[in-house]
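[1] sequence first, then the predicted structure, then my questions.
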Amino acid sequence: METNTRMRVCGIMSGTSLDGVDVAIVDFEEQNGNIDFNLVHFSTVPYSHQLSERLRSIVQPSSQSPDISSMNMLLGDVFANAVNTTIQKSGLSHEDIDLISSHGQTIYHDPIIHEDDSLHQPSTLQIGDISVIAEKTGIPTIGDFRTRDIAVGGQGAPLVPFVDYTLLRSEHSGRILVNIGGISNLTVLKKSL
């Protein structure tokens with residue numbers, strides 16, 4: 001039996017460069033286990049100098065939690081505004097978007113197990129509250145991808161390997177893919193049979 005599932009997703013990404021918010025509106029269609037996609041619209045919304053500097057200040061290990069908490073909510077608002085602006089520029093309406101997925105802004109990442117410290121947990125922290133995004137856009141919003149990956153024993157970078165596997169696997173040859181970012185990753189794809 002043939003299955004066909006379509007979804008329009010608005011993805012949000014802000015990298016460790018702390019320079020702004022990338023927003024992509026993408027149509028996904030799943031047919032019999034294969035996923036096709038089409039980029040509908042893409043925008044980069046830069047951070048103000050003041051916001052970028054404030055983010056840099058809380059990335060430091062000596063940061064105080066009230067600043068982090070406040071920035072979590074503020075970035076949710078910034079991300080929501082970036083989505084609203086991108087939807088408007090694309091000529092689409094909010095009703096055309098099924099889902100928003102937000103990676104969040106990574107401000108701390110330590111996925112390593114420390115054998116000498118029984119109280120240390122592998123951890124990662126992204127801010128940019130998804131409840132604020134959902135409220136300000138009116139669109140269901142998902143996130144916490146890195147924390148979920150850490151929770152199941154991963155390194156906190158689940159999206160790149162999934163996308164690499166989905167889009168770049170081959171029946172004819174194996175591949176090694178490199179994601180060069182603030183946190184670099186390697187994905188090894190064996191020849192799929």
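    Thanks, I have it. A quick note: this is a predicted structure, and the numbers were derived from the prediction, not measured.
[2] can I assume F79 sits in a helix?
    Yes - per DSSP: H, G, I helix; E, B strand; the rest coil, F79 lies within a helix segment.
[3] surely it meets S14?
    Yes - counting by Cβ atoms under 8 Å, F79 touches S14, with 7.5 Å between them. Every residue, glycine included, has its C-beta placed from N, CA and C.
[4] which residues do the two both contact?
    Listed as contacting both F79 and S14 by Cβ atoms under 8 Å, 6 or more residues apart in numbering are 21, 128.
[5] in terms of neighbours, single out the busier of those two.
    More neighbours surround F79 than the other of F79 and S14, with 31 against 27 (other Cβ atoms under 10 Å).
[6] who's in contact with F145?
    101, 103, 158-159.
[7] now do D98
    So D98 contacts 7-9, 139-140 (Cβ under 8 Å, 6+ apart).
[8] try M7
    27-29, 98-99.
[9] and the worst-scoring helix or strand of the chain on mean pLDDT, what's buried?
    None of the helices or strands of the chain scores lower by mean pLDDT, DSSP states H and E than helix 159-168, at a mean of 79. Across helix 159-168, burial judged by 16 or more other Cβ atoms under 10 Å covers 159-161, 164.
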